[in-house]
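Participant: build me a structure from this.
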Amino acid sequence: MNSTVWLALLATLGTWFVTALGAATVVFFRSPGSKFLNLMLGFASGVMIAASFWSLLQPAIERAEAVSSIPAHWVATLGFLSGAVFMWGSDLIVSRARRCAEHPDRANNGALGRVIMLMLSITLHNIPEGLAVGVAFGMLQGRSSPEALMGAVTVAVGIGLQNFPEGAAVSLPMRREGYSRKKSFFLGQASGMVEPVAGVLGAFLAIYVESFLPFALSFAAGAMILVAVHELIPECQRSREDQPYFATMGIILGFAVMMLLDVMLG
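Facilitator: Got it, this is the predicted structure:
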């Protein structure tokens, strides 16, 4: 297997490990403090927004100008919109499945249905995230400079950071539904296991279908922006009345850190 594919696999195993760390909070807490969780979610959304541009969209436009016969701005725009629509469609499917699972005629256990749908939702979200990391490492083919490597690592770190609260978002509700800590942790970390598979696929596409790379990068950016804006930011602002700027500063800090890393190292 190509060395860059191995790197993509290693990186996405790392992002899955961070999901497992998030799921492991169920061992220590029944429910984490709202201030801590809001700060983490805000920081993760800031990281994702910054990474979407500097680590994904900007390289997509540059690569499209070099390899695509279609104007770069159209490739980036169509890829971005496709990624957002993909995540929107995933949410629609999950929402409908959740309603079916909770219908008294279609499910014997509403709580179990909610847990399964929560797991499915986060697992679906992890697919484009794994693709984003895989594509970032696939771009290293023929570009083995330290700067290019650090750019790919930055994407993986950004994805990994936002995986921590996602792991907790699966395991903690399961614990509240009465599942054991062991089972809650196991299923929480399992939601991130799809990322290594998607990461390897993304790396293969980037290496062997070079003309697809700009679209794939833009696709990942659209998916990340939708998750950040539609889910993470509203979630971290739930306590806005009591802490009006706490989560917001987490968003600003996450964006600033990711921007600094991308611009300084990439």
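
Participant: just for the stretch 151-266 of the chain, where's the confidence low?
Facilitator: For the stretch 151-266 of the chain, the stretches flagged by pLDDT under 70 are 162, 169, 173, 176-177, 239-242, 262, 265-266.

Participant: just the helices in it please.
Facilitator: 181-190, 194-208, 213-227, 233-236, 246-265 (DSSP state H, counting those that start in this stretch).

Participant: could I get those helices as CSV with mean neighbour count and distance to Leu149?
Facilitator: For every residue, glycine as well, the C-beta is placed using N, CA and C. Output for the helices of the stretch 151-266 of the chain, formatted as CSV (neighbours: other Cβ atoms under 10 Å; distance: least, Cβ to Cβ, whole Å):
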stretch, mean neighbour count, distance to Leu149
helix 181-190, 19, 27
helix 194-208, 23, 14
helix 213-227, 27, 17
helix 233-236, 19, 30
helix 246-265, 18, 9
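
Participant: nearest to Asn2, out of these?
Facilitator: Proximity to Asn2 (Cβ to Cβ) singles out helix 194-208 among those, at 6.1 Å.

Participant: which neighbouring elements make contact with the closest one?
Facilitator: Helix 194-208 sits against helix 3-23, helix 110-138, helix 213-227, with contacts defined as 3 or more Cβ pairs under 8 Å, 6 or more residues apart in numbering; DSSP states H and E.

Participant: what lies in contact with it?
Facilitator: 2, 4-5, 7-9, 11-13, 15-16, 19, 123, 126-135, 137-139, 141, 159, 163, 212-213, 216, 220 (Cβ atoms under 8 Å, 6 or more residues apart in numbering).

Participant: contact partners for the spatially most central residue of the chain?
Facilitator: For the chain, the residue lying nearest the average C-alpha position, counting by Cα atoms, centre = their mean, turns out to be Glu129 (4.0 Å). Applying Cβ under 8 Å, 6+ apart to Glu129 gives the contacts Thr15, Ile159, Gln162, Asn163, Glu195, Ala198, Ala220, Ala223, Met224.

Participant: before we move on, the earlier item: can I get the helices and strands packed on helix 194-208 in CSV including distance to Gly178?
Facilitator: Shown next, in CSV, are the helices and strands packed on helix 194-208 (distance: least, Cβ to Cβ, whole Å):
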stretch, distance to Gly178
helix 3-23, 17
helix 110-138, 8
helix 213-227, 29
